[in-house]
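Engineer: test case, fold it:
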Amino acid sequence: MRLDAPQIVAILREAVATFGVIDAWTEVMMPALRAAGRKWAADGEQYVEVEHLLSWHVSSVLRGVAVATAATRPVSPVLLAATPTELHTLPLEATAAALAERGLPFRILGAAVPPRALLDAVQRLGPAAVMIWSQDRRSADHELARRISVSVWGPRGSRGGAVVVAAGPGWARSRLPIGAACPRTLADAVDFLEQTVTN
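Structural biologist: As a prediction, this is how the structure comes out:
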């Protein structure tokens with residue numbers, strides 16, 4: 001509530017250094033973000049500045065972890081993107097940081113990625129997996145998930161495809177393409193992505 005940015009950064013960095021990205025996200029960052037959100041929801045616009053400041057610093061710390069790791073394992077990258085109308089990216093940034101912590105390569109496109117741009121990136125990059133984030137059902141794009149799941153690239157005889165990971169509370173599991181994964185937690189998502197790209 002004091003908007004003490006240096007203290008926020010110190011706490012977040014210490015949490016990542018002590019617990020690792022996944023536990024820091026689950027045990028420190030998400031609870032703090034939820035608490036700030038509840039305070040804002042209960043008091044109208046009051047305290048929205050607290051949530052925005054906290055979100056910015058969470059993002060900064062996660063991005064710092066994601067870009068600090070130079071050594072990666074020699075595997076195909078994971079492509080991370082939000083659906084075309086999705087503006088929330090902190091879960092993608094947490095995933096990128098956790099992948100970097102494990103030495104796994106990734107490319108992150110961020111919020112509100114247009115379908116054509118995402119499909120073009122899939123074709124050019126040839127990722128082992130594509131994780132698409134949706135915060136709520138209105139932003140979930142099942143047709144886009146289907147299009148990614150049937151995308152192939154490479155020369156005839158050695159064509160490849162990506163595993164689709166539909167992450168976030170917006171996805172209705174019954175409408176996902178066959179073979180798509182729908183992890184419930186960051187830990188589940190990162191474990192699944194690691195297994196996908198290393199097998």
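
Engineer: what ranges do the strands span in this protein?
Structural biologist: Under the criterion DSSP state E, strands of the chain are mapped to 78-82, 106-110, 129-133, 163-167.

Engineer: got the ones you listed as JSON lines, with mean neighbour count and distance to residue 181 columns?
Structural biologist: Where you see a C-beta, it was placed from the backbone N, CA and C, and this is true even at glycine. Output for those, formatted as JSON lines (neighbours: other CB atoms under 10 Å; distance: least, CB to CB, whole Å):
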{"stretch": "strand 78-82", "mean neighbour count": "27", "distance to residue 181": "12"}
{"stretch": "strand 106-110", "mean neighbour count": "18", "distance to residue 181": "16"}
{"stretch": "strand 129-133", "mean neighbour count": "27", "distance to residue 181": "8"}
{"stretch": "strand 163-167", "mean neighbour count": "25", "distance to residue 181": "5"}
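
Engineer: closest to residue 72 out of those strands?
Structural biologist: Nearest of the strands of the chain to residue 72, taken as CB to CB: strand 106-110 at 8.7 Å.

Engineer: just how off-centre is that closest one within its chain?
Structural biologist: Chain-centre distance of strand 106-110: 8 Å, with CA atoms, centre = their mean, to the nearest Å.

Engineer: again with stretch 52-59
Structural biologist: From the chain centre to the centre of stretch 52-59 is a distance of 16 Å (CA atoms, centre = their mean).

Engineer: can you list contacts of it?
Structural biologist: Defining contact as CB atoms under 8 Å, 6 or more residues apart in numbering, one finds that stretch 52-59 is touched by 3, 5, 8-9, 12, 29, 32-33, 36, 89-90, 93.

Engineer: in it, what's buried?
Structural biologist: 54-55, 57-58 (16 or more other CB atoms under 10 Å).

Engineer: report the two of the residues you listed separated the most.
Structural biologist: The span of these, defined through CB to CB, is set by 55 and 57 at 7.5 Å.

Engineer: quick one: low-confidence parts of the protein?
Structural biologist: Counting by pLDDT under 70, the chain has low-confidence residues at 39-46, 70-71, 157-158, 174.

Engineer: biggest helix in it by residues?
Structural biologist: Longest helix in the chain by number of residues (criterion: DSSP state H): helix 48-68.

Engineer: tilt between it and strand 78-82?
Structural biologist: Here helix 48-68 points in a direction 160 degrees away from that of strand 78-82 (axes from the mean of the first three to the mean of the last three CA atoms, to 10 degrees).
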